[in-house]
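[1] my questions are about this predicted structure, shown below with the sequence.
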Amino acid sequence: MVAAGLLTLALGIGGLSAQSPADTAFTPADIEVRDNLIAAQESLLNVARCRFGVDLMAVRGGCAGDHPIEGISRPGPFEGAPSLVDIEVRDELIAVQESVLNTYRCRYGIDTLAVPGGCEHHAKGASASQSPGELMSASEAIAAGGLPRGIITPTGVTVSVVGRDGDSYRVVTPCGNLATVGNGQPLRGVRVVIDPGHGGAFDIGSYGPNGLAEKDLNLTLSQAVLDELAGRGIMASTTRTGDYDTQLSVRADFADALGAEALVSLHHNGPTYATGSTPGTEVFVQSDSQHVARVDSARLGGLLHAEITEALSRFKNVRWSRVSNAGVLRVLVPAGRDAYGIIRRPNLPSVLVEYGYLTNPSEAALFATAEYNSVSAKATANAIEAYLNTTRTGTEVKSQPRIYTPQDAPSRCTEVELE
């Protein structure tokens, strides 16, 4: 009954749209209607979380059975004169919460008529690997839910948004420069960012004896992972949608800018070591200090390692390359900091997965198959879903870090067309 009443309230004021930035005469009523909707959305989210046992840590006060202990969320008082920033922040939160609500609705089959375009449309829109949807100018995006933190440009490139220039977006290019883009598909409510390692003319990664380049394999697998996540209603995006240069700092900043809950970087290793019957999958995780792994990164890495190695072990007649201390571990430079930039730079929990050894002929032959991509993508999505929606753990982090100084990432970067 509580959920039904809240749904009526949310739908009753769900047609709310932000005022144009030119409208500066905001009133307390503009704040009140938004705060009421935010509270109604939060209440609906908490009811769903308690009922279905997902994202329970987000429920303030916890759950009693299938209901939030604190009951209905209520907005606090607002003091002072409302500004454009006050409005924009609320409109963006409304859009994000509505995206999460729609994910719950589609995943658990509740109130699906409230999902704009239906659940099939919502699932497709969840993944940046899909063709770009409706393109909006910056002003249109603000009116529809606030200035987004990222967009998919008309050419399909994902970029973070740092501001606006009239009706255009001010964005960070894959090479780390500032540019303006007239239109884009807003990225909202992204929970996970997938990073296909390497890419472009100067950063190929490892090579298989069958001619398969790591940058291409990583990209193909990332698209399969994104599709898996989309099918499960998990909003995800990617740092690279094609074969172009992208700086490590830009990849990390993009994931942080979107406010995602996790970053997973996909790689395939080399050179080849001693081979055997056990996959040599490695997952590198973040450090909390020189001596301790970061807890959330370690849990994500442990889940990924457990799911991926179990899935790969089902393949027959593969001789896997493996080092003696393969597993979930930290990799540090001699000075004691995380060695890999995609691990060290982001603020959000991040991991780097080396699925196997592309330089090994036996593994390279497998990696070139559609079956490998399907199996690995499902295992990766299983781990991500478990990380986001449960408290489950996986393989433990090795107590001793590996000391290693990797080669610097290529500094050359050629810009790709954004529109």
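    Great, that's in hand. Numbers count the residues shown, from 1 in each chain.
[2] only C-alpha atoms from now on, for both contacts and neighbour counts.
    Will do.
[3] what residues are bridge-paired with V283?
    Beta bridges link V283 to V328, V353, judged by DSSP bridges.
[4] ok, it - contacts?
    V283 makes contact with 301-302, 304-305, 327-329, 351-354, according to C-alpha atoms under 8 Å, 6 or more residues apart in numbering.
[5] now the helices for this structure?
    Under the criterion DSSP state H, the chain contains helices at 2-12, 28-52, 84-108, 118-125, 138-145, 214-231, 248-257, 295-312, 341-344, 361-367, 370-389.
[6] the third one packs against which elements?
    Using 3 or more C-alpha pairs under 8 Å, 6 or more residues apart in numbering; DSSP states H and E as the contact criterion, the secondary-structure elements in contact with helix 84-108 are helix 28-52, helix 118-125, helix 138-145.
[7] now the terminal residues of stretch 337-357, how far apart.
    Using C-alpha to C-alpha, to the nearest Å, one end of stretch 337-357 lies 25 Å from the other.
[8] kindly report the same for stretch 254-266.
    Per C-alpha to C-alpha, stretch 254-266 runs 16 Å from first to last residue.
[9] how many residues are close by the residue nearest to G163 when sequence neighbours are not counted?
    Distances taken as C-alpha to C-alpha, 6 or more residues apart in numbering put R170 closest to G163, at 4.9 Å, once the chain neighbours are dropped. As a burial measure, R170 scores 20 neighbours (other C-alpha atoms under 10 Å).
[10] coming back round to it: quickly, which of the helices and strands packed on helix 84-108 bottoms out on average pLDDT?
    Lowest mean pLDDT within the helices and strands packed on helix 84-108: helix 118-125, a mean of 52.
[11] wait, S168 touches M136, no?
    No: between S168 and M136 there is no contact under C-alpha atoms under 8 Å: 9.3 Å.
[12] what is in contact with those two at once?
    Common neighbours of S168 and M136 (C-alpha under 8 Å, 6+ apart) are N183.
[13] how near is the residue nearest the centre of the chain to L388?
    With distances taken as C-alpha atoms, centre = their mean, V192 lies nearest the centre of the chain, 1.6 Å away. Look at V192 and L388: by C-alpha to C-alpha, they are 9 Å apart.
[14] hey, what's in contact with both of those two?
    Joint contacts of V192 and L388 (C-alpha under 8 Å, 6+ apart) are E261.
[15] the closest residue to A179 other than its chain neighbours: neighbouring residues, count only.
    Leaving out its chain neighbours, the residue that sits closest to A179 by C-alpha to C-alpha, 6+ apart is V171, at 5.4 Å. With neighbours defined by other C-alpha under 10 Å, the count for V171 comes to 24.
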